[in-house]
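Asks: Give the three-dimensional model of this entry:
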Amino acid sequence: MSITVNLYYTGSDGNARRFAEEMVEKGIVAAVRAQEGNERYEYFFPMDDPETVLLIDRWRDQEAIDIHHKSPMMAQIAELRSKYKLRLRVERYVDELAVK
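Replies: Purely as a prediction, here's the structure:
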């Protein structure tokens, strides 16, 4: 089973892109990708919405997500989200048939 979470970070004046860039620069993205159970952590920029960044975040199972949510990285992510005044929209998909 895999769980994919699409997170849409929306701001103004290019702040969503700056948020994603700082996540990479500070090594937070690399740290999340290195966590046990992380299968994908990638940012995308929608062509029709320059003020939004899409994060596709996929995990092996709910336990891996729960461990991630308890990690110190979550405070760093929340701090950056606040710094850049971003709104967040979340979609969650469970793939019961995913085979690795």
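Asks: Summarise which helices and strands the helix or strand encompassing residue 39 is packed against.
Replies: Assigned by DSSP states H and E, residue 39 belongs to strand 38-44. The contact analysis (3 or more CB pairs under 8 Å, 6 or more residues apart in numbering; DSSP states H and E) places strand 38-44 against helix 28-33, strand 52-59. Just so you know, the C-beta spots here come from the backbone N, C-alpha and C atoms, and that holds for glycine as well.
Asks: In its sheet, which strands sit next to that strand, and in what direction?
Replies: strand 52-59 (antiparallel) (DSSP bridges).
Asks: in the partner strand, what's buried?
Replies: 52, 53, 54, 55, 57, 58, 59 (16 or more other CB atoms under 10 Å).
Asks: If we only consider those, which is nearest to residue 45?
Replies: residue 53 (6.1 Å; CB to CB).
Asks: is it true that that closest one touches residue 23?
Replies: No: using CB atoms under 8 Å, residue 53 is not in contact with residue 23; the gap is 9.4 Å.
Asks: intersection of neighbour lists for the two?
Replies: Common neighbours of residue 53 and residue 23 (criterion: CB atoms under 8 Å, 6 or more residues apart in numbering): residue 43.
Asks: Off-centre distance for stretch 37-56?
Replies: On the basis of CA atoms, centre = their mean, to the nearest Å, stretch 37-56 sits 8 Å off its chain's mean C-alpha point.
Asks: swap in stretch 60-76?
Replies: The chain centre lies 11 Å from the centre of stretch 60-76; the measure is CA atoms, centre = their mean.
Asks: End to end on it, go ahead and measure it.
Replies: Stretch 60-76 has an end-to-end distance of 23 Å (criterion: CA to CA, to the nearest Å).
Asks: quick one: buried residues of that stretch?
Replies: Residues of stretch 60-76 classed as buried by neighbour count (16+ other CB under 10 Å): 60, 64, 65, 68, 73, 76.
Asks: ok so, going back, and the buried residues of strand 52-59, which two are the farthest apart?
Replies: Checking the buried residues of strand 52-59 with CB to CB, the most distant pair is 52 and 59, at 22.2 Å.
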